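S.K.: Fold the following.
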Amino acid sequence: MPIEDIKKELRVAGIPSDAVEGILHALSLRSLSELEEFLGSDSGAVAELKLLFSFANEYGYADWLQFDASVVRGLAYYTGTVFEGFDKDRKLRAICGGGRYDRLLSTFGGSDIPACGFGFGDAVIVEEIDDIVFPVNGELKQAAAMVASNLRNKGRIVDLILEDKRLKWAFKHAERVNAKRLFLVGQAEWECGAVRVKDLATREESDILISDLL
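M.R.: Below is the predicted model of the structure:
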C-alpha cells in the first residue's frame, strides 16, 4: 500500500497528523538504539526488547536476530514482542510468525499463564525441498532416517516420510512439492548397501551406495 494511502487510513481512524508521522517514523526503525532514542530509555517496550536481545546474545544466537519495528501480527491476543522467521537467504516469504501472549488461556476458561508460540507455514518449506526419502515398508523407517540425515549433512533440504503411505502416494507427493529427487529405501537395495533414487526431472532411476551418502 502506498505511504499516502496508509496516512489516509490512519487519519480516517481519527489519529492526529503529528501522531501519524510519529507512527510511520517508528515503523522505519531498524535498530534498538534508534528505538530507544525515539521512545526514550524509560520505555517499557525498549526495556523488554533489550532484555530479549541480551538473552539471545548469551544463548549464542543473537546474530540470527534482526530488529524490525514494522513487523505486525494481526491477532489481538499478543501482549508482548512479536516475530517472524525467514530463511537465511531471504528468498521466501515468512516461514513462521508468532509472539508473546500472557492472557490467551483465560479466553478459553483457564487461568492466565505467560506463553509464547508461533504458527508455521509448511507451504513455504515445501518450496525448497531437494529430496524426499521414503521407506517402502515400516521396518525400514530407521534406515530411511539415516539416509535423510546423511543427505542433510551434505546440505540438502530433505523431507523424510515416516507415515504409512503407499508408493504411489510418495511419487505424487514428490511431484506436488516440486522435489528434485525421490529416495526409495527398499529391502532388496538396502540389503545390498544401496538405495533407489529417481530423478524427478529426467525420470531416470539409479541405485546409489549408502557409503556414497556419507
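S.K.: the bottom helix or strand of this structure by mean pLDDT?
M.R.: helix 122-125 (a mean of 66; mean pLDDT, DSSP states H and E).
S.K.: okay, and for the protein, where does confidence drop off?
M.R.: For the chain, the stretches flagged by pLDDT under 70 are 122-127.
S.K.: At the geometric centre of it, which residue sits there?
M.R.: By CA atoms, centre = their mean, the chain has its centre lying nearest to residue 95, at 3.3 Å.
S.K.: tell me the phi and psi of that one?
M.R.: Here is the backbone geometry of residue 95 (degrees, to the nearest 10): phi -80, psi -40.
S.K.: That one reaches residue 88, doesn't it?
M.R.: No: if you go by CB atoms under 8 Å, residue 95 and residue 88 don't touch, sitting 10.8 Å apart. Quick note: C-beta positions are derived from backbone N, CA and C, even for glycine.
S.K.: Wait, residue 207 touches residue 191, no?
M.R.: No: at 12.0 Å, residue 207 and residue 191 do not qualify as touching, with contact defined as CB under 8 Å.
S.K.: With neighbour numbers in mind, choose between these two.
M.R.: residue 207 (14 against 8; other CB atoms under 10 Å).
S.K.: In three-state terms, label that one for me.
M.R.: Following DSSP: H, G, I helix; E, B strand; the rest coil, the label given to residue 207 is strand.
S.K.: With adjacent residues omitted, what lies nearest to it?
M.R.: residue 194 (4.4 Å; CB to CB, 6 or more residues apart in numbering).
S.K.: Report the buried residues of the helix ranked longest in the chain.
M.R.: Using DSSP state H, we find that the single longest helix of the chain is helix 44-59. Counting neighbours by 16 or more other CB atoms under 10 Å, one finds that the buried residues in helix 44-59 are 46, 49-50, 52.
S.K.: and what of stretch 4-18?
M.R.: In terms of neighbour count (16+ other CB under 10 Å), stretch 4-18 has its buried residues at 7, 10.
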